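[1] Sequence first, then the predicted structure, then my questions.
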Amino acid sequence: MSSSFTADEIMTIAASRMLRNGAVCFVGIGLPSTAANLARLTHAPDAVLVYESGPIGAKPPVLPLSIGDGNLAETADTVVSTPEIFRYWLQGGRIDVGFLGAAQLDRFANINTTVVGTYDKPKVRLPGAGGAPEISSSAKEVVIIVKQSKRTFVEKLDFVTSVGFLHGGDSRECAGLTGKGPVAIITDLCILHPDPVTREMKVASIHPRVSRDTISTNTGWSIQFADSCTETEPPSPQELQVLRDLKARTAAAHGAQGEAA
Amino acid sequence: MSSSFTADEIMTIAASRMLRNGAVCFVGIGLPSTAANLARLTHAPDAVLVYESGPIGAKPPVLPLSIGDGNLAETADTVVSTPEIFRYWLQGGRIDVGFLGAAQLDRFANINTTVVGTYDKPKVRLPGAGGAPEISSSAKEVVIIVKQSKRTFVEKLDFVTSVGFLHGGDSRECAGLTGKGPVAIITDLCILHPDPVTREMKVASIHPRVSRDTISTNTGWSIQFADSCTETEPPSPQELQVLRDLKARTAAAHGAQGEAA
Amino acid sequence: MAEWVSLAEAIAAGVRDGDTVAMEGFTHLIPFAAGHEIIRQKRRDLSLIRMTPDLIYDQLIGAGCAKKLTFSWGGNPGVGSLHRFRDAVENDWPAPLEIEERSHSDLANAYVTGAANLPFAVLRGYTGSDFARVNDRIRSITCPFTGEVLAATPSVRPDVAIIHAQKADWKGNVLLWGIIGVQKEAVLAAKTAIITVEERVRSLDAAPNACVLPSWVVTAVCEVPRGASPSYAHGYYERDNLFYRTWDQISRERDRFMCWLNQHVLETRDFSEYLKLQGDPHVQAVYQ
Amino acid sequence: MAEWVSLAEAIAAGVRDGDTVAMEGFTHLIPFAAGHEIIRQKRRDLSLIRMTPDLIYDQLIGAGCAKKLTFSWGGNPGVGSLHRFRDAVENDWPAPLEIEERSHSDLANAYVTGAANLPFAVLRGYTGSDFARVNDRIRSITCPFTGEVLAATPSVRPDVAIIHAQKADWKGNVLLWGIIGVQKEAVLAAKTAIITVEERVRSLDAAPNACVLPSWVVTAVCEVPRGASPSYAHGYYERDNLFYRTWDQISRERDRFMCWLNQHVLETRDFSEYLKLQGDPHVQAVYQ
């Protein structure tokens, strides 16, 4: 039983804690999928994992490498078509929590996964929207999981792919968006929650051994710390064990390729 | 081998002949279903029968009593949901021929299955539209099967449930309806086709042993006879045999109740 | 998460006077047991929705439970008229019945958009018909790309959806198959979903893309064997065609109908007693 | 009615220069063999549509077959970028690529309304995003009942849809299962449908409500075992995750990509030769 853990591990574990038992979670591939499956294997055995490829209630024994791996279909309660997932289940208002990643985000947790640079002549062409715009707007809550750096946490987005709190304040509600929006950003350094009034994302909890200075240095805007800012509960031995076992099972199943997830 | 046949028999047989082999047919219950299944068992073995309850490619061994009998599902190539039938298959433009019945119709083959009398205080409340309005508008062709009488063939409909040629001429096309509309009405007395210009339904073929006078007497408007009006080809012994066998099998399977279909 | 309860409890908790209730099942899997329980519990002023009202709504209308009916085809399939429905529309008996009349295609689309949390459905329909004249909720909408004008109709969003299915597992996940009609959409369009099933099983053993409603979209699930009778449950029992024909006689006159309703529904304790009175030969095997 | 033909014949007859082509399969059942055959037959100026362009469109774009791409997520799943797609967008190599960018939800809805013969889709989407700024076909529409404003987008109606499925029977009825994505909608939205399958069987033995495409909506059906490789076919073979990672290396530089393309696609006669070059250990068993 070791108390040492990596930045990636505490990020994943902190994200997994956001998922209540029994909650219905719309899961993106990569970190969101790892966190959601960790939650399912620890404190939230009845969490329902919905993947945009169609599986509802997936219980994959190892982490999927793609959003449509066979083990998602095999372990799901049912597999519906992709249009049905977006129409009846996401837009239909059946999703409690949407877990998202991000290439770039701003202080109001708006997300860019489209381009770096101008749209017509991009410096970097990113993959694009996928399911994120409608997850951001239709899920009852959104949790964003992303590594923190100046390149990712930017002052101004080159493109708004998926909305968080738009321009802050009540601009999200005024736009007619019904879901609560991003209730948390979980990074490898800290946890951010929206300020109740301005809706700017503020550091609410700092991971052990991380300094405020490190967080500020890795943020492209002058990041604020909540008055109530605390230290993140370190991973428990059980959380670490389950996460490491899951990663090891995944690597064994997929070979070295498994690392990509 | 007998050459005698009933008025019902020649009506059903004449209707069945309207279905080309390989055609995809949207089938209402009752006479349309009998005619479509007869076609499938005689000259059109590859006709595809689609029922609004969901079965596609049904091949029922006996006539169904309801639009959703189990033998339709069991013998179908696939069974889809009712919304899918109307959205992807009918509105999607996949239906060659819609077979319809009617409580009342007018000279332009517009159909009423809603009320006799006024809508708010009806003399007779009929079952209503069912799938007919969109079959009338979305099927490539429509064939109407109905017993001829003054009560059914009326000068003016109390309610237009499903459109034929509207006010005649090019009014159907002008309304933006894409299907060809009713290419034939098959009755127990004769076969009517639309006049190519006025689109009024005219008698094109008179069943054997039926007089023009009988047809006129059983029509609520001054019915016209096409210049080329001929006599309907009598049922062949094979057609009669297959129809009678089908009816007998149906009666045996369903008991006396089978008669209702 | 679905709770396993008795049908009487599910209706008592889930259906209130004045609710909008959709009971679906297209010829197959019609939730008759649930309909009887609503009559038994004397719910009133219900706004009923159903594509094909069928005997189940003829009974509810005749019993005085309904104030409104939204429907697209109201007949006794393969037999003829629904006499109680007609008596309500033509003669206001036992009470006036407001009707909202639509086509099958429209109502099927309206369940789809209800399930999809959209306020309206778009379809190619009604052109040239008299529907819009008598139903002011049939409107039009213009395509912002082609300029085409299409029909627009309001989505269906019932307070309660009630369906019957073949199986549910102990967690309350529900499986139905065969003619599945518009049941999934009805459940997903509604706030509350009550599902009766033929049997409770350890595991659904469903095919990969079968029609499954996960437990967490279901409010209550009730084991009611033969609960769709006189309609049928694929894989369990066949349609009681004779009852559909007999209904024509039972329902034609008010007195005979009321006598039947009292004896078979109001004075029976539950659906198993009803089935015994019907002389259902299988009732002993499925209810002990 | 579907005709059983070779894949080369199906592509020769069904796909023309300038066509709008949708090749679908959401991670599962991606029609790679058909994509290769299009490259081999040197089709040009295609307008490609696909929710997740994936390696299959990276290959088609790099090979110079495409003039336009409509998509919603363009990455190498679990690995990273699609380098050929990026090179086309960022550097116009081998040719400029017009893009029409939408969200998954939008594109999935647009296939649905395409299959339903409607000109546009309505969804709750895009609010507050920059999409409408760069795609003038993302518009709005007002609900005629509630006054709510929703997004309206054009339906997808491809000239040709191409999918891979598990089985077809001798008549050409097609069955797929597992993750079925948007394939049924793609086929029904298109004028022409080409379907490759793992195997031709006497009877589909499909579950009652399985995803079946009847023969008469299919133009051509081709037996191409392992035709979805390196993606997977549920019940037949698994995803070749290693190839997805290797692709990152193969596709990163133009020269290496062209060399791979020549050797593995342009200079092979068909997909079985490609599989042999890939060292697929099963190719002998499924192709004699």
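    On my side now, so go ahead.
[2] quick one: low-confidence parts of the chain?
    Let's take chain A. For chain A, the stretches with pLDDT under 70 are A:1-3, A:256-261.
[3] Wait, chain C was what I had in mind.
    Along chain C, segments meeting pLDDT under 70 span C:288.
[4] For it, what lies in contact range of chain A?
    Residues of chain C lying close to chain A by CB under 8 Å from any CB of the partner chain are C:1, C:112, C:115-118, C:173, C:184-185, C:188, C:206, C:208-212, C:214, C:216-217. Where C-beta positions appear, they are placed from N, C-alpha and C, glycine not excepted.
[5] Point out the ones among those residues that are inside strands.
    Mapping those onto strands (DSSP state E) picks out C:211-212.
[6] neighbouring contacts of stretch C:241-256?
    Residues outside stretch C:241-256 that contact it (CB atoms under 8 Å, 6 or more residues apart in numbering or on different chains): B:65-66, B:254-255, B:257-258, B:260, C:55, C:58, C:62, C:76-84, C:87, C:93, C:230, C:257, C:260, C:278.
[7] Filter those down to the buried ones.
    With burial judged by 16 or more other CB atoms under 10 Å in any protein chain shown, the buried subset of those is B:65-66, B:254, B:257-258, B:260, C:55, C:58, C:62, C:76-79, C:81-84, C:87, C:93, C:230, C:257, C:260.
[8] Filter those down to the ones in helices?
    Using DSSP state H, the subset of the buried ones among the contacts of stretch C:241-256 located in helices is B:254, C:55, C:58, C:62, C:83-84, C:87, C:257, C:260.
[9] A:Glu200 and A:Arg107 touch, don't they?
    Yes: counting by CB atoms under 8 Å, A:Glu200 touches A:Arg107, with 4.9 Å between them.
[10] Spell out which residues are contacts of both of the two.
    By CB under 8 Å, 6+ apart, A:Glu200 and A:Arg107 have these common neighbours: A:Gly168.
[11] More neighbours: those two, which one.
    Using other CB atoms under 10 Å in any protein chain shown as the criterion, A:Glu200 and A:Arg107 rank with A:Arg107 on top: 26 against 18.
[12] what's near enough to touch that one?
    With CB under 8 Å, 6+ apart, A:Arg107 has these contacts: A:168, A:200-201, A:221, A:223.
[13] repeat that with 6 Å
    By CB atoms under 6 Å, 6 or more residues apart in numbering or on different chains, A:Arg107 lies in contact with A:200-201, A:221.
[14] Among these, which one sits closest to chain B?
    Distance to chain B across the contacts of A:Arg107 (CB to the nearest CB) is lowest for A:Met201, with 41.4 Å.
[15] Figure out the helix or strand that the residue lying closest to that closest one once chain neighbours are set aside lives in.
    Once flanking residues are discounted, A:Met201 sits nearest to A:Leu192: 4.1 Å by CB to CB, 6 or more residues apart in numbering or on different chains. Using DSSP states H and E, A:Leu192 sits in strand A:190-194.
[16] ok, back up a step: can you name the two of the ones in helices among the buried ones among the contacts of stretch C:241-256 that sit furthest apart?
    Pairwise distances across those peak at 28.2 Å for B:His254 and C:Asp87 (criterion: CB to CB).
[17] Angles on the backbone of C:Ala12, please.
    C:Ala12 adopts backbone torsions of phi -60, psi -40, taken as degrees, to the nearest 10.
[18] Dig out what whichever residue of chain A sits closest to chain C forms beta bridges with.
    Using CB to the nearest CB, the closest approach of chain A to chain C is made by A:Thr78 at 3.7 Å. Beta bridges link A:Thr78 to A:Ile56, judged by DSSP bridges.
[19] where do the helices sit along the chain?
    I'll assume chain A. Under DSSP H, chain A gives helices at A:7-16, A:31-41, A:70-75, A:82-84, A:132-138, A:171-174, A:212-217, A:237-254.
[20] actually chain C
    Here chain C has its helices, by DSSP H, at C:7-14, C:32-40, C:54-62, C:83-91, C:104-115, C:131-134, C:183-189, C:241-252, C:254-261, C:271-278, C:283-286.
[21] Which stretch among those is buried most, on average?
    helix C:104-115 (a mean of 29; mean count of other CB atoms under 10 Å in any protein chain shown).
[22] interface residues of the stretch 101-250 of chain C facing chain D?
    Residues of the stretch 101-250 of chain C found near chain D (CB under 6 Å from any CB of the partner chain) are C:119-120, C:139, C:143-146, C:148, C:152, C:154, C:177-178, C:180, C:207-209, C:211.
[23] go again using 7 Å as the cut-off
    When proximity is defined as CB under 7 Å from any CB of the partner chain, the stretch 101-250 of chain C approaches chain D at C:117-120, C:122, C:124, C:139, C:141, C:143-146, C:148, C:150, C:152, C:154, C:177-178, C:180, C:207-211.
[24] Give me the buried entries from those residues.
    Buried by 16+ other CB under 10 Å: C:117-120, C:122, C:124, C:139, C:141, C:143, C:150, C:152, C:154, C:177-178, C:180, C:207-211, out of those.
[25] Tell me how far the single nearest residue of the stretch 101-250 of chain C relative to chain A lies from A:Phe26.
    Going by CB to the nearest CB, chain A is nearest to C:Val212 of the stretch 101-250 of chain C, at 3.7 Å. Distance of C:Val212 to A:Phe26, computed by CB to CB, to the nearest Å: 18 Å.
[26] And the two? Which one has more around it.
    Per other CB under 10 Å, whichever of C:Val212 and A:Phe26 has more neighbours is A:Phe26, with 29 against 26.
[27] correct me, but that one touches A:Glu141?
    No: counting by CB atoms under 7 Å, A:Phe26 stays clear of A:Glu141, with 10.5 Å between them.
[28] Go through the helices of chain A and pick out the most buried.
    Most buried of these by mean neighbour count (mean count of other CB under 10 Å) is helix A:132-138; its value is a mean of 28.
[29] Neighbouring strands - and their directions - for the strand holding A:Leu192?
    Strand pairing for strand A:190-194, determined by DSSP bridges: strand A:182-186 (antiparallel), strand A:201-206 (antiparallel).
[30] Just want the angle from it to helix A:7-16.
    Using axes from the mean of the first three to the mean of the last three CA atoms, to 10 degrees, the inter-axis angle of strand A:190-194 relative to helix A:7-16 is 30 degrees.
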